[in-house]
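> Okay, sequence plus prediction incoming.
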4 protein chains.
Amino acid sequence: MTPRDAIETARKLTPRLASRAAGYDAEGAFPAGDFADLADAGLLGLMVPARLGGAGAGFADYTEVAMALAEGNPATALIYNMHASVTGALALTPDDTARALGAAEEFFAYRDSVLRAAAAGALYAVAMSERGIGSRLSRVRTSYTPAGAGWHISGSKAFCSGAGHAQAYLVAARRGDGRGDGSDSGGGRDSGGDSGGDSGNHKVSYFLVPDGAGITVEPTWDSLGMRATASHDLHLDVTVPRDALLGGVEGLTLLIAQVMPQWLVASYAAVYAGLARAAVDTAAADLAGRGLHGAGAVRARLGRADAQACAAREVVRQAARRVDADPGAAGTSRWIWRAKLVAGDTAQEVAASVLEACGTSATRRGHPLERLYRDARCGALQPATSDVCADWLGCAALGLDPDAETPRW
Amino acid sequence: MTPRDAIETARKLTPRLASRAAGYDAEGAFPAGDFADLADAGLLGLMVPARLGGAGAGFADYTEVAMALAEGNPATALIYNMHASVTGALALTPDDTARALGAAEEFFAYRDSVLRAAAAGALYAVAMSERGIGSRLSRVRTSYTPAGAGWHISGSKAFCSGAGHAQAYLVAARRGDGRGDGSDSGGGRDSGGDSGGDSGNHKVSYFLVPDGAGITVEPTWDSLGMRATASHDLHLDVTVPRDALLGGVEGLTLLIAQVMPQWLVASYAAVYAGLARAAVDTAAADLAGRGLHGAGAVRARLGRADAQACAAREVVRQAARRVDADPGAAGTSRWIWRAKLVAGDTAQEVAASVLEACGTSATRRGHPLERLYRDARCGALQPATSDVCADWLGCAALGLDPDAETPRW
Amino acid sequence: MTPRDAIETARKLTPRLASRAAGYDAEGAFPAGDFADLADAGLLGLMVPARLGGAGAGFADYTEVAMALAEGNPATALIYNMHASVTGALALTPDDTARALGAAEEFFAYRDSVLRAAAAGALYAVAMSERGIGSRLSRVRTSYTPAGAGWHISGSKAFCSGAGHAQAYLVAARRGDGRGDGSDSGGGRDSGGDSGGDSGNHKVSYFLVPDGAGITVEPTWDSLGMRATASHDLHLDVTVPRDALLGGVEGLTLLIAQVMPQWLVASYAAVYAGLARAAVDTAAADLAGRGLHGAGAVRARLGRADAQACAAREVVRQAARRVDADPGAAGTSRWIWRAKLVAGDTAQEVAASVLEACGTSATRRGHPLERLYRDARCGALQPATSDVCADWLGCAALGLDPDAETPRW
Amino acid sequence: MTPRDAIETARKLTPRLASRAAGYDAEGAFPAGDFADLADAGLLGLMVPARLGGAGAGFADYTEVAMALAEGNPATALIYNMHASVTGALALTPDDTARALGAAEEFFAYRDSVLRAAAAGALYAVAMSERGIGSRLSRVRTSYTPAGAGWHISGSKAFCSGAGHAQAYLVAARRGDGRGDGSDSGGGRDSGGDSGGDSGNHKVSYFLVPDGAGITVEPTWDSLGMRATASHDLHLDVTVPRDALLGGVEGLTLLIAQVMPQWLVASYAAVYAGLARAAVDTAAADLAGRGLHGAGAVRARLGRADAQACAAREVVRQAARRVDADPGAAGTSRWIWRAKLVAGDTAQEVAASVLEACGTSATRRGHPLERLYRDARCGALQPATSDVCADWLGCAALGLDPDAETPRW
């Protein structure tokens, strides 16, 4: 399967996802049927290199796939986004870069096995956020300590999309033994941590934690929108093998946030750009089906929404092209933050306006616009929020270093 | 109870309503506890003259009461608004005006009994809208025919807030015998109808239909917002006594829409002005409670929302004062439409912005802002919609007759 | 002349002001004809007590007068606002309050003479802002020192509306001798200064400086909008008599900013509320005159603009009523900041939208909408700017002390 | 010169244009220095095929050049846009298409001479609009009649950018002899007219009228913004040779509006997208230069403006790519209208917000933001206006034929 095939496949799945979306939303249920379809179609291997059985896609390809899925069901696309972030970050980090970051040689075989499993249908989720700290990596409280040949991880995560349905979770945790980085040998080489402090417990590291005993899902997710993402709380009290520490290197999380902001900031953007498009198309079909072409106010709302939705999509695509062409560049980062801001705000504005165009009948539960309206409100609130994006972009426009100016993670 | 007492009473009830709002919303249940409180407090008699046991309130008093109730639970205030419309229109039409419209003398005793019952705790609802026609009175399909000494009414209504919980329904129906206005004697005097046509079946008349056999509630209301209004479908196949025809005069509905637009257009406005206020106050309490004072973006959202909410309230109050001072005047009508437009749009904008200020935690079901955000979306969509209001006001500003320019009812 | 007479008089002047506005704007000239009319009509004595020959108006009366003048020419109203601020602050400070602030007894005779002159046609202006510091009183660099029986004032002011046309200027200046507050006797009693510091040069004081030698106007005002306000730079190198120090007390400026925020924050609001009204009415007349009633988009713009303009006016009026009823109260202050925010933003939005409704022909210089569009942009930028107002109001909503949170002056 | 060279050249000229923009704006003068530079650089031949001495650019190339020029001086870019429209429409119409429209063989040599002159530095302007009809081609009153071997054209045009400085004007005129199309032989073949009516005087045709006797410029252009475009009135009482009738075919104007909407609708878009970019960059430089990085409200304004400006540019670029790839397609047309809508609205919103961020000092005449703010207001008002675009796009979204639904030209 080429990336182009994958995009076509995703577009063909759009109507199937759309037809099931109301049900998953009503029940607040993980879209199991959608993910069965995605696995069958090989789309869980989108980011996996061809040599490992995947489509070998880049970020722009991901963006097209995610937009197509979101046009069907934004919640499904949001869970998929997390899986793509894990597999994409693993697949697209060049070996040399990984080595420069300190990756042990055994990491590469481990990574390949993880990716090969995805191509075969394994689903990965991200467990980064915690209650009260949002997605601020620097404040993570979940901790890890050396345990035999591996690690013990203990703590609680929130907003973990796909919780209970993933084969493994990408978990951010803080070195918790309090004894610094050099005094024990359990944990691979030391990258220097994220703060340069004298104590190893500043290190926040990534682990890929397999589902199983020690992983408990608390079904807390009961939200205004994106109800089918199963973004429940996840409690960890689990021992993992040594290679679960990604790269075999402690303290990489903040570095990765700055090197690959696309997966933390802009991968959502495709979801909300797709959602905005779906809202316009759904509204147009609803109005046309009811013979309501005539009113000027209705036309004006639809016309402006169409232009806004298209604009958001172009921004997201341009950001994605930049990520592929010049990953990590300062100019690329600006596009990433623009994409998040524009997509999140546009989804909300477009959904609100076309719902108004369609009127009270579209506010009944079960009507797709009722659901899209609720889903749309979530985009600007997901990290980085629109207000944070605006500040980041304002700093950049002023020639400041937006990451230095205010800690974002 | 004076009007001032009633307003104070309503304000004291605000916290009780707020404490129950999440439950009624979750169940989509009529707020029975709230209406028990309202009846106990005598607030169902707000518009009833003192001589009949009520508070003898005017429109401005109603506005204050409705805003206070909406600060507690907008859905409760919306049902209350319908009750106030029925009792207010009856109570505030001068006897001379009623006689000039053709009211029979027996009407006045009937009216007094209806109002006296409200003061004693009876709840009235409005059944005007129908599927596919919205609230366009001129297109009503529910029909009535003479039946013995009374009338038979047959048809279906939609969006009837309080359905199944009212003691009587104000029903708009069209004379359906096809035999014109003069040929039978069952129905009181003829006011000439709303169209001057040659056939009586143009007449759309108001009936106050007691709950009971022949009234069936179909529980269709399952909506994005205002979930507790029980705005279900109502099916009528019922015979009512002669005096159920309001005023004893056929064909008054459109006339009343033009003479008393406040009850059709602006009575909602107080509900959404109160909702906007509640959203700001709830967000401020939520943020302060979490210690989130610091962020400039949060302050800016809250500050602008506060100013917008206050502006909406002032517009609604000014409209109400005009209604009391100069009912039916052209200038008063303009304020009525302004109030509906500003309150509906402001509620939506304010709720969306403060939810964004409070972040993802406020989007969990059960959080008051999650509910207010959904409730707030309904205002601009209720008749007259914001787009219709804007057009009406634009016509008026241009010196046209907005009611003649485009049929609004 | 009663306040009501004054309001009627102002409304009668509106068309005269409107007829001359284009000329003054084109030339960037002080509206001398307008001020001749205002003086003739006695409106320069609006705030002056009746016992001194004035109308004895309150803040709400001022608001009505300023809105009426702004409907004719916003620039004229803006200059008038400065005059009203000086006379209003003098007239409406109770004698007891003045004494409590430390006012010497001779102050009252001086104050009466100043006010009597206004009633007779004297115009006063405000010279508070300076380049690079805006209107931040705490950063004023213009300095004063004792000089014989009086004071010597030296420095430069910017944005002094009416510069070159006033009989006296209210000047904020900082005690500049560097010798502290107690060590010399030249300057009346010491109120303790605004900072509690040990050095008298923290004191920023108000002087009413008569026009004459030592006052130089540098014609710098050449602005996008409000071109006729003659808001030029003012250079001072002048000795004034002892009683030019207002109240005979040093260091009062910040105190007054907090006690009477209406004159610093909300008095502009009436100007921009009137401007918004003028923009709507002008656009309606322009469109009607060209027979352009038909287009839905035009009606919608006009209808929304009408509602917004009316909302702004109600907020401004409510703020004014609060000032009169409960000056200095915390709740009153919130209304003052709301009025500034809403009026400034509304003027801009309304003018931009109705200009778009009227189309390219209305962008020709000389067309009133072309001028109003430029004038309207200035409101949100004048202190306190809209962004500052939003922050202030956000702090207040969160229960913080907005004046303590961030220094505003 | 390749198209890529041309784009680079334009970008190098940006600072020169920017440095002269204030002067041309202040004087309301045609930017003669800019056009001398453009002619010297060969940019007047941008759209001219290489075989005729030009750069052989496509629409996407034009878009980049126009954005670069607009970043320097939007008024210059707007005049250039008209020149590019004339040369681009001539150069990019395939010979086969021209023949299918009825073009005589002698047209091709004439066309080549026109284009060759442009490559050598000739400037062309467009004289389409008339007072009271805007740009509605179907209502054109300027008339033409056969006159000897050529045509006599008589009438008045408005908003003719570059008037008095062009070597020839593209003039839309209506066959005015009233005798129908067949009865005289003066005017080439009949394409059937634009209305299918029975009378030839329905035909509205294009002429390229050389400057000279019979062409009078009335200096009426004195506008809010885009003051340097010299968009004066043009009075025509002139006889032109036979081949001045474009294509040698009468009645082509409306057809061309539908076949090449890019030149009538979207070519402006690049100008306003460039303007928006210039506004953001100018504001950032202004703020950074004054050390005003700190305020959150300033950053937020700048960050959002940056994202909006980038979004507009991407929409304009996507539309341009579509024009090149699939000219005349329905999907291409939708992008064209989107580009006009988004660019026009974005320019206004961005300029208003960044001016507010920079504050009163940026409103002084001579400050680039003061000018850009005025220029920016013009985009949404130029045909097709934003409101017309929204309606067109709403029709298209609803599956209607937007050109049939309402006559746009």
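Ah, there it is. Bear in mind the structure is a predicted one, so any value in this text is a computation, not a measurement. Residues are numbered from 1 along each chain as shown, chains lettered A, B, ... in the order given.

> Please verify my assumption that A:Pro74 contacts A:Arg277.
No - using C-beta atoms under 8 Å, A:Pro74 is not in contact with A:Arg277, being 10.6 Å away. From N, CA and C alone the C-beta is placed, and that goes for glycine too.

> okay, those two: which has more neighbours?
Neighbour comparison, A:Pro74 and A:Arg277: the larger count goes to A:Pro74, with 33 against 23 (by other C-beta atoms under 10 Å in any protein chain shown).

> what sits against that one?
By C-beta atoms under 8 Å, 6 or more residues apart in numbering or on different chains, the residues touching A:Pro74 are A:226, A:271-272, A:274-275, A:278, A:372, A:375-376.

> Check it and give its pLDDT.
For A:Pro74, the model assigns a pLDDT of 98.

> likewise A:Ser231?
pLDDT, A:Ser231: 97.

> Just confirm it contacts A:Lys157, I think it does.
No - shown here, A:Ser231 and A:Lys157 do not form a contact pair, counting by C-beta under 8 Å, at 10.2 Å.

> Would you map the strands across the stretch 51-200 of chain A?
A:124-127, A:143-147, A:150-160, A:168-175, A:189-190 (DSSP state E, counting those that start in this stretch).

> Show me which residues of chain A sit near chain B.
A:134, A:159, A:222-225, A:295, A:297-298, A:301, A:348, A:352, A:355-356, A:359-360, A:363-366, A:370, A:373-374, A:377-378, A:380-382, A:385-388, A:390-391 (C-beta under 8 Å from any C-beta of the partner chain).

> and with 7 Å instead?
Chain A has residues A:222-225, A:297, A:348, A:352, A:355-356, A:359-360, A:363-365, A:370, A:373, A:377-378, A:380-381, A:385, A:387 near chain B, with proximity defined as C-beta under 7 Å from any C-beta of the partner chain.

> got the CA coordinates for whichever helix or strand A:Gly33 is part of in PDB?
According to DSSP states H and E, A:Gly33 maps onto helix A:32-40. Written as PDB, here are the backbone C-alpha positions of helix A:32-40 (Å, rounded to 0.1, in the frame of the first residue of the first chain):
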ATOM      1  CA  ALA A  32     -14.800  -0.400  17.700                       C
ATOM      2  CA  GLY A  33     -16.300  -1.000  14.300                       C
ATOM      3  CA  ASP A  34     -14.300   1.900  12.800                       C
ATOM      4  CA  PHE A  35     -11.100   0.600  14.200                       C
ATOM      5  CA  ALA A  36     -11.800  -2.900  12.900                       C
ATOM      6  CA  ASP A  37     -12.200  -1.300   9.500                       C
ATOM      7  CA  LEU A  38      -9.000   0.700   9.900                       C
ATOM      8  CA  ALA A  39      -7.100  -2.400  10.900                       C
ATOM      9  CA  ASP A  40      -8.500  -4.400   8.000                       C
END
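
> contacts for it?
Helix A:32-40 is contacted by residues A:13, A:16-17, A:20, A:44, A:73, A:76, A:80, A:121, A:123 when judged by C-beta atoms under 7 Å, 6 or more residues apart in numbering or on different chains.

> Over to the residue lying farthest from the centre of chain A: give its phi and psi.
Farthest-out residue of chain A from its mean C-alpha position, per C-alpha atoms, centre = their mean: A:Gly294, at 40.4 Å. Here is the backbone geometry of A:Gly294 (degrees, to the nearest 10): phi -80, psi -40.

> just to revisit the earlier point, so which of the contacts of helix A:32-40 wins on neighbours?
Neighbour counts for those, by other C-beta under 10 Å, peak at A:Asn73, which reaches 33 neighbours.

> show me what contacts it?
A:17-18, A:20-21, A:31, A:34.

> quick one: which of those residues is nearest C:Pro94?
Nearest to C:Pro94 among those is A:Ala21, at 67.0 Å by C-beta to C-beta.

> Would you agree that closest one falls within a helix?
Yes - the assignment for A:Ala21 is a helix, going by DSSP: H, G, I helix; E, B strand; the rest coil.

> Can you tell me how far the residue lying closest to it once chain neighbours are set aside is from A:Ala266?
Take A:Ala21 and drop its neighbours on the chain: the residue closest to it by C-beta to C-beta, 6 or more residues apart in numbering or on different chains is A:Asn73, 4.0 Å away. From A:Asn73 across to A:Ala266, the span is 20 Å (C-beta to C-beta, to the nearest Å).
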